[in-house]
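Engineer: for reference, the sequence and a predicted model appear below.
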2 protein chains.
Amino acid sequence: MRVSRDKLTKRMEEFRAALKRAGLKITPQRLAVFARLAEEDSHPGARAIHGKLKKKMPGLSLDTVYRTLWLFVDLGIVENMGEIDGVRFDANTEPHHHFICRKCGASFDIYCRDFDDLKLPGELSEIGEAMKAMVEVRGICRKCLSRK
Amino acid sequence: MRVSRDKLTKRMEEFRAALKRAGLKITPQRLAVFARLAEEDSHPGARAIHGKLKKKMPGLSLDTVYRTLWLFVDLGIVENMGEIDGVRFDANTEPHHHFICRKCGASFDIYCRDFDDLKLPGELSEIGEAMKAMVEVRGICRKCLSRK
DNA sequence: TCCTAAATTGGAAAAATTACTATTTGGAGG
DNA sequence: CCTCCAAATAGTAATTTTTCCAATTTAGGA
Ligand SMILES: [Mn+2]
Ligand SMILES: [Mn+2]
Ligand SMILES: [Zn+2]
Ligand SMILES: [Zn+2]
């Protein structure tokens, strides 16, 4: 789904401000990658972004796309979804939730009754059939805080 | 952190029941992989599991570990964390949440005020410094439901 | 115990991500 | 406008993660 003109403009302004604030160059590649991502509310991976941009920017390298995306995450203007180093598995079938460290990727179980039976919004049925809802808290874990 | 004897026994029973119900063989490899996962509340990846089991089961192949883990996910006795095909990115910085399809991995934005300011449990500070909390709903998306 | 469909192995292939160096360039300063 | 150079990129190689496959082994029913 495409984002409204207003939102897009706002995001692009935030993008320019964040780069300026950090003293980084505004390059055509960075503009293209961010615009591509900001334009849609889908959640593409690096390869998908690279694939689409390659048509208009034939020289764009995949490395630049990855580097740029992680830079944006560092700057706080983009969020990454999913684990850093591959899929993880969990045999704990009791209702519980997770804390995930943004630095090292470590994950911890959280038990919190209030989270166990969240009332899901009705419009959700337009998207699909919900089976389970869990809370994901993001932050910095103890270990990473101490060796900062 | 190690799981209590009781919980472990219960999980192992569920495991045996699920395999039996599905008419699948109970092999030493499946037992080892599940036990390894059920023993701890950490969230290891396939390689980590394989690495640890290799000491006691030198012949265990990495393929078997992957195959076995995804089988458990299909059976509903194990949950996978993170995206199926790599990290994804999101430039939407407004508070929002996600629906993720278990079949195809597609993700959709959810807007729900009730989810935006969840009150986090106090013990969370023992784990680390929380920065953000979001809800992840899991289920089957429209498209996957229709071509079932 | 025997038999066979199901499961595993080991290695190769594919897919995802990161590393590296030669080359290019944004933008500060003149 | 030019000049210049630290910062950024392209192209490719290396690494990591995940899947595929053919040959071999095995769990468990008969
Ligand atoms: Mn867990
Ligand atoms: Mn989103
Ligand atoms: Zn950490
Ligand atoms: Zn789907």
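Structural biologist: Thanks, I have the structure now. Ligands and ions are numbered 1, 2, ... in the order given.

Engineer: when you work out contacts or count neighbours from here on, use the C-alpha atoms and nothing else.
Structural biologist: Fine.

Engineer: checking the nearest residue to residue A:109 once chain neighbours are set aside next. Helix, strand or coil?
Structural biologist: Counting by Cα to Cα, 6 or more residues apart in numbering or on different chains, residue A:109 lies nearest to residue A:98, which is 4.8 Å off, once chain neighbours are set aside. Judged by DSSP: H, G, I helix; E, B strand; the rest coil, the three-state class of residue A:98 is strand.

Engineer: quick one: contacts for residue A:39?
Structural biologist: A:2-3, A:8 (Cα atoms under 8 Å, 6 or more residues apart in numbering or on different chains).

Engineer: in chain A, mark out all the helices, start to finish.
Structural biologist: Residue ranges of the helices in chain A, as given by DSSP state H, are A:5-21, A:28-39, A:46-54, A:62-75, A:113-116, A:124-127, A:142-146.

Engineer: before we move on, back to that, mind putting the contacts of residue A:39 in a markdown table, neighbour count, distance to residue B:115 and pLDDT included?
Structural biologist: Shown next, in a markdown table, are those (neighbours: other Cα atoms under 10 Å in any protein chain shown; distance: Cα to Cα, whole Å; pLDDT from 0 to 100):
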| residue | neighbour count | distance to residue B:115 | pLDDT |
| --- | --- | --- | --- |
| A:2 | 10 | 23 | 84 |
| A:3 | 14 | 22 | 91 |
| A:8 | 18 | 24 | 95 |
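
Engineer: out of those, who's nearest ligand 4?
Structural biologist: The closest of these to ligand 4 turns out to be residue A:2 (Cα to the ion; 19.6 Å).

Engineer: tell me how far that closest one lies from residue B:135.
Structural biologist: 22 Å (Cα to Cα, to the nearest Å).

Engineer: stretch A:98-117: which residues count as buried?
Structural biologist: Buried residues in stretch A:98-117, counted by 16 or more other Cα atoms under 10 Å in any protein chain shown: A:98-102, A:105-111, A:115-116.
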